[in-house]
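K.L.:
Would you be able to build a 3D model of this:
(2 chains)
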Amino acid sequence: MKIRVRFAPSPTGHLHIGGLRTALFNYLFAKKEKGAFILRIEDTDEERSTQESVNAIYDGMIWAGLNWDEGPMPDGSIKGDYAPYYQAARSDAGIYQKYIDQLLAEGKAYKCYCTPKELEDMRAQAIAEKRPPRYDGRCSRLTLEQQKELEAQGRRPVIRFKMPKEGETVFNDLIRGEVRFANKDLYDLVIQKTGGYPTYNFAAVIDDHLMEMSHIIRGDDHISNTPMQIRIYEALGWKHPIMAHLSMIHGPDGTKLSKRHGDTSVIEYKKQGYLPQALINYLALLGWSTPDSQQIFAPGELEEKFDIRGCQKSPAVFDPVKLLWMNGDYMRRMTIDELYAAAKPFIDETGVAQGVDEEYLKKIILLEQEKYKTLKEIPELISFFFTDKVVFDEAAIEKVFKAETASLALKSVIAKYEALADFTEFPIEAATKEAAKENGLKNGQVFHPVRVAVSGRTNGPTLFKMLEYMGKDMVLKRLEAALELCSK
RNA sequence: GUCUCGUUCGUCUAGCGGUUUAGGACGCCGCCCUCUCAAGGCGGAGAUCACGGGUUCAAAUCCCGUACGAGACGCCA
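P.N.:
Next up is the predicted model:
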């Protein structure tokens, strides 16, 4: 059997973390099984679907590196032999209508004339009477005359699928094993809306079959749809794909991850300076693991090691702190060229290093590589190299410059540095230590004021390299200026 | 309310009947390294495996209940 899986988002907003994870598991499964990963756009919600959202989904997927083998492409072209990949276009092509007509003709579906208001009242009443709020199938008993009468009144019907009411529907879920539903708990769901578009439960079945999906990997919020979809497959005489329901991602409060939890758009993570590889690695580990609990995966390793049997049945809480750690870990593993390329847009955005020589900027970035957790914090950490004046941290002044010996330390260091012909790391270090020794100061009593004087803060890169990169002129200027801030 | 699914350190997880004093990771704490901050190294605290019954010589692991949690119940997907 050819392995074919899909990610089928509805374009009603940005691609979010939950959606990305579903896409990722499908992608990894396809890669691992040497199958095809298909993108299908489920835009049958006429009110909410937008092309803008489709573009946002493309952006998110491409940034995350989840390239699809089939589907619509951002440049407007189409890849794959099962086009169209937009459901609205498929609907316009009459693809769904054909099967609607077939089910109608076979008596497996019927017209329902209930208005949204009537349905809402029915639900409200059912809840009040503590009954399940489901459609009771009343329109299935309408005679032809009654239907004509309602149409004469100007009512437009929806089409509902006639669910079996007895027996049970059982399917074998790849992740959960056997799942059984009593058919009495199913209900006659709408398969075609008044406007002529199919509903999700119907369109997904038709397309998954027509596009020859071998497996359906989706969130377990779809589990209760599954028996009804299976009944539609059967009514059409089709075999259903293998089902696999992923556990949900939860927020810290234990409910399904939503916007207020940080289920923010994938692009927002990009803006916040996360690396796509790190986000993907983190997401892969939410609800999935290898037998040895491996944490960090080299490029291509996830694709190789993914095994759907490692999927967790229970939901996972999204932990931004671990994501942050992982992002930092990925940043530490980057070569300077990689890091520079990734950081450049963030640096340019702030304008802190405008016109700075590339090789020089790389050296500066490298100085604090082990400190970065996101790309976004790089400009702030390196900006003191490029500003005219040092921006001092108040606490640093208080702690370091107010020391009795600060002024003495700076003065002696200035004298030493002025005399230095070779202003590079090791001579600077020797000169600084000499200054300390000659004045009976501990190294720290000199190092710390110098550090604050040139950088404005107490925590920064290794001192002497920093001074070397900064250059003699700037260092001396800053040391002089700092003298003003010291208590005598 | 009904149905479905789930339940191992705070969090992500390993574990698929004996090798378990329940392993790893994040976070937390301590020590080392050290010019600061990080990073790194080492160590520590942290889980009566939700609870109660069974099955078995033996259960975190199998079965049944209970509790709790989540999801679904749309002319949304």
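K.L.:
Please identify the nearest residue in space to the residue located most distally from the centre of chain A, excluding sequence neighbours.
P.N.:
Distance from the centre of chain A peaks at A:Glu438, with 57.3 Å (Cα atoms, centre = their mean). Spatial nearest neighbour of A:Glu438, chain neighbours left out: A:Ser412 (6.7 Å); criterion: Cβ to Cβ, 6 or more residues apart in numbering. Backbone N, C-alpha and C define where each C-beta goes, glycine included.
K.L.:
For the one you found, the count of nearby residues, please.
P.N.:
Around A:Ser412 there are 21 other residues, counting by other Cβ atoms under 10 Å.
K.L.:
try the one 3 residues further on
P.N.:
Other residues within reach of A:Ala415, judged by other Cβ under 10 Å, total 12.
K.L.:
Next up, the contacts around it.
P.N.:
Shown in contact with A:Ala415 (Cβ atoms under 8 Å, 6 or more residues apart in numbering): A:Ala435.
K.L.:
Quick check, pLDDT for it.
P.N.:
pLDDT, A:Ala415: 97.
K.L.:
re earlier: tell me if I am right that the residue nearest to A:Glu438 is in a strand.
P.N.:
No: the assignment for A:Ser412 (DSSP: H, G, I helix; E, B strand; the rest coil) gives helix, which keeps it out of a strand.
K.L.:
Now do the same contact list for the closest residue to A:Val190 other than its chain neighbours.
P.N.:
Excluding the flanking residues, the one nearest A:Val190 by Cβ to Cβ, 6+ apart is A:Val158, at 4.8 Å. By Cβ under 8 Å, 6+ apart, the contact set of A:Val158 is A:Lys111, A:Cys112, A:Val190, A:Gln192, A:Lys193, A:Thr194.
K.L.:
Next: A:Ser53.
P.N.:
Contacts for A:Ser53 (Cβ under 8 Å, 6+ apart) come out as A:Pro11, A:Thr12, A:Gly13, A:His14.
K.L.:
In these, which residue is surrounded by the most others?
P.N.:
Among the contacts of A:Ser53, the one with the most neighbours (other Cβ under 10 Å) is A:Pro11, at 23 neighbours.
K.L.:
Would you map the strands across the stretch 101-250 of chain A?
P.N.:
Ranges of strands in the stretch 101-250 of chain A, per DSSP state E, counting those that start in this stretch, are A:109-112, A:158-161, A:168-173, A:177-182, A:190-192, A:215-219, A:242-246, A:249-250.
K.L.:
from the contacts of A:Ser53, which is closest to A:Tyr86?
P.N.:
A:Pro11 (9.0 Å; Cβ to Cβ).
K.L.:
Give me the below-cutoff pLDDT ranges for chain A.
P.N.:
Residue ranges of chain A with pLDDT under 70: A:262, A:487-488.
K.L.:
what about A:Ala421, is that helix, strand or coil?
P.N.:
coil.
K.L.:
just to revisit the earlier point, hmm, A:Gln445 and the residue nearest to A:Glu438 touching each other?
P.N.:
No: applying Cβ atoms under 8 Å as the test, A:Ser412 and A:Gln445 come out as separate, 10.8 Å apart.
K.L.:
that older thread, export the contacts of A:Ser53 to a markdown table and tack on distance to RNA strand B?
P.N.:
Below are the contacts of A:Ser53 laid out as a markdown table (distance: Cβ to the nearest atom of the strand, whole Å):
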| residue | distance to RNA strand B |
| --- | --- |
| A:Pro11 | 9 |
| A:Thr12 | 7 |
| A:Gly13 | 11 |
| A:His14 | 14 |
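K.L.:
returning to that earlier point: which among the strands of the stretch 101-250 of chain A is found nearest to A:Arg21?
P.N.:
Across the strands of the stretch 101-250 of chain A, closest to A:Arg21 is strand A:249-250 (Cβ to Cβ), at 6.4 Å.
K.L.:
just to revisit the earlier point, residues in contact with the residue nearest to A:Glu438?
P.N.:
A:Ser412 neighbours (Cβ under 8 Å, 6+ apart): A:Ala435, A:Glu438, A:Asn439, A:Val446.
K.L.:
Tell me which residues touch A:Phe346, please.
P.N.:
A:Phe346 is in contact with A:Gly273, A:Leu375, A:Lys376, A:Ile378, A:Pro379, counting by Cβ under 8 Å, 6+ apart.
K.L.:
before we move on, the earlier item: any chance of the strands of the stretch 101-250 of chain A in TSV with distance to RNA strand B as columns?
P.N.:
Formatted as TSV, the strands of the stretch 101-250 of chain A follow (distance: least, Cβ to the nearest atom of the strand, whole Å):
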stretch	distance to RNA strand B
strand A:109-112	7
strand A:158-161	5
strand A:168-173	8
strand A:177-182	4
strand A:190-192	4
strand A:215-219	8
strand A:242-246	7
strand A:249-250	7
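K.L.:
Using CSV, lay out the ones you listed together with distance to A:Gln87.
P.N.:
As requested, the strands of the stretch 101-250 of chain A are arranged in CSV below (distance: least, Cβ to Cβ, whole Å):
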stretch, distance to A:Gln87
strand A:109-112, 19
strand A:158-161, 16
strand A:168-173, 24
strand A:177-182, 26
strand A:190-192, 12
strand A:215-219, 16
strand A:242-246, 20
strand A:249-250, 26
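K.L.:
nearest to A:His261, of those strands?
P.N.:
In terms of Cβ to Cβ, the element of the strands of the stretch 101-250 of chain A nearest to A:His261 is strand A:249-250, at 8.0 Å.
K.L.:
how distant is that closest one from the center of its chain?
P.N.:
Chain-centre distance of strand A:249-250: 13 Å, with Cα atoms, centre = their mean, to the nearest Å.
K.L.:
for stretch A:373-385, same thing?
P.N.:
A distance of 23 Å separates the centroid of the chain from that of stretch A:373-385, by Cα atoms, centre = their mean.
K.L.:
what's the burial count for A:His261?
P.N.:
A:His261: 18 neighbours (other Cβ under 10 Å).
K.L.:
Equivalent analysis for A:Ala83, please.
P.N.:
The number of residues packed around A:Ala83, counting by other Cβ under 10 Å, is 15.
K.L.:
For the stretch 1-150 of chain A, what lies in contact range of RNA strand B?
P.N.:
A:8-10, A:12, A:42, A:44-45, A:48, A:114-116, A:119, A:123, A:127, A:130-135 (Cβ under 7 Å from any atom of the strand).
K.L.:
Would you list the buried entries among those residues?
P.N.:
Buried by 16 or more other Cβ atoms under 10 Å: A:Ala8, A:Pro9, A:Ser10, A:Glu42, A:Thr44, A:Asp45, A:Cys114, A:Tyr135, out of these.
K.L.:
among the residues you listed, which two are most distant?
P.N.:
Within those, A:Pro9 and A:Cys114 form the most distant pair, 29.8 Å apart (Cβ to Cβ).
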